[in-house]
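Visitor: Next come a sequence and a model predicted from it.
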Amino acid sequence: MKLFTFCLIYLVSITIFALDQAVIVAKNGDEKLSLKTACAKNTAVELEGSVFVAVPLSIEANMQIQNRADWITRRVEKIVLPKVSFEGDSLQDCLEYLRRSTSKALIRMDESDDHIHFLRKGPDVQDYDITLTLVNVSVLEVVQKLASMVGGVVRIVDYGVLIELQYKDAPLHGKKKGHLNENEPASQPHDRTRQPIALTMPSYANE
């Protein structure tokens, strides 16, 4: 009896692990994702020719995801960079700069255990040379400016900030290589009564 119980528990554990690690294909595209991710997205998925609807996460889990996204939103709005300067950089390089700058600011805020990822999703735009200079600007405004340059939109999710590219070879102000004038003002002026978190943080774009 004990052996039977042990075997049953073992089989259940293996099944749960396999479902968590399984790679499946979303019904509406070729994106590969784990069953766990599909559940988070409440996605209809196709597995071995049959269509299944992934079980959504609990209300508590969805609240945790939303709370994390809200936390990221507040941080990228609050962290202000004294100067951002890109000269012929790829979008990936720009996002890496924002990741490093944000990490340094979080350390100053005693939140070094938290990380914000900056990612792009969609067609490859490595051939774009981004030239941009902004002064006293929030991290969120920098991301929004980059997204507008490459024809993308900004989404904030529970693991970071995404620039979703809408189509391949998106026009960049009518040019293959984009250029914005130096010291172009931010889209909205900052509230000067608040204390910028990263006001004295040096620029690390060219490390």
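Guide: Received the coordinates, thanks. Residues are numbered from 1 along each chain as shown.

Visitor: any idea of the mean pLDDT in stretch 82-95?
Guide: On average, the pLDDT along stretch 82-95 is 91.

Visitor: likewise stretch 155-173?
Guide: 73.

Visitor: Same check on stretch 117-137?
Guide: 81.

Visitor: So which bits of stretch 73-87 are buried?
Guide: Buried residues in stretch 73-87, counted by 16 or more other CB atoms under 10 Å: 75, 76, 78, 79, 80, 81, 84, 85, 86. No exception for glycine: its C-beta is placed from N, CA and C like everyone else's.

Visitor: Inside helices: which ones of these?
Guide: 75, 76, 78 (DSSP state H).

Visitor: can you tell me which of these lies nearest to residue 149?
Guide: When these are compared for distance to residue 149 (CB to CB), residue 76 wins out at 17.6 Å.

Visitor: Next one, pLDDT for that closest one please.
Guide: Reading off the model, residue 76 has pLDDT 91.

Visitor: you'd agree it is up against residue 117?
Guide: No - taking contacts as CB atoms under 8 Å, residue 76 lies outside contact range of residue 117: 11.4 Å.

Visitor: Now do the shared contacts for the two.
Guide: When contacts are counted by CB atoms under 8 Å, 6 or more residues apart in numbering, residue 76 and residue 117 have residue 161 as shared neighbours.

Visitor: Much appreciated, bye for now.
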